[in-house]
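Colleague: A predicted structure for the sequence below; I have some questions about it.
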Amino acid sequence: MPTKARQRISGKICWQCRNLLEPNPNNQGERLCAKCTEARQPSLRNIYMYYMFSTDWYCQFLEADLKTPLPRKFRFSTSDKVVELAERGRGLKDLACRQALKQGIGIGRGGIHLYLTDHQYNKLKRC
């Protein structure tokens, strides 16, 4: 077996770009470097979702500048749908975000940052 293949299989070099990797005894086998891992992930768009309760749950979306509204708006009968929307938009990345969403639902209004793929973002841009 050639030397490069052994290094790739043992996790010493990136399997995509063949650059040397930091030794990691816990992670054996083929690995990607940080640059190649980032390149393989889809680019995500940061938007802000504002939600409030009047007779039902109303959700509006703003661009990252927090000034430009997106045309699509949602109305839900239960707060579970607001939580589901936040989960699908990768907004519940840690415990603090989950608690902030729960508190906002408890008082009847709030907002959360979502990280959407280009496909999800384009759906919000359409009316």
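Modeller: Thanks, I have it.

Colleague: Every contact and neighbour count from this point should use C-alpha atoms.
Modeller: Noted.

Colleague: What backbone torsions are found at Lys123?
Modeller: When read as degrees, to the nearest 10, the backbone of Lys123 gives phi -70, psi -40.

Colleague: So for it, what pLDDT did the model give?
Modeller: Lys123 is assigned a predicted lDDT (pLDDT) of 92.

Colleague: Tell me how far it lies from Glu84.
Modeller: Relative to Glu84, Lys123 is positioned 17 Å away (Cα to Cα, to the nearest Å).

Colleague: neighbour-wise, which of the two wins?
Modeller: Glu84 (13 against 10; other Cα atoms under 10 Å).

Colleague: ok, the more buried one - contacts?
Modeller: By Cα atoms under 8 Å, 6 or more residues apart in numbering, the contact set of Glu84 is empty.

Colleague: And the host helix or strand of it, what's buried?
Modeller: Secondary structure from DSSP states H and E places Glu84 in helix 79-88. Residues Ser79, Val82, Val83, Leu85, Ala86 are the ones in helix 79-88 that count as buried (16 or more other Cα atoms under 10 Å).

Colleague: all strands of this protein, in order?
Modeller: 45-53, 57-62, 69-76, 109-116 (DSSP state E).

Colleague: Any idea which of these gets closest to Gln103?
Modeller: The closest of the strands of the chain to Gln103 is strand 109-116. By Cα to Cα, the value is 8.2 Å.

Colleague: Redo the strands of the chain as JSON lines? Include mean pLDDT, distance to Gln99 and mean neighbour count.
Modeller: Below are those laid out as JSON lines (pLDDT from 0 to 100; distance: least, Cα to Cα, whole Å; neighbours: other Cα atoms under 10 Å):
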{"stretch": "strand 45-53", "mean pLDDT": "95", "distance to Gln99": "15", "mean neighbour count": "20"}
{"stretch": "strand 57-62", "mean pLDDT": "97", "distance to Gln99": "18", "mean neighbour count": "20"}
{"stretch": "strand 69-76", "mean pLDDT": "95", "distance to Gln99": "20", "mean neighbour count": "15"}
{"stretch": "strand 109-116", "mean pLDDT": "95", "distance to Gln99": "11", "mean neighbour count": "19"}
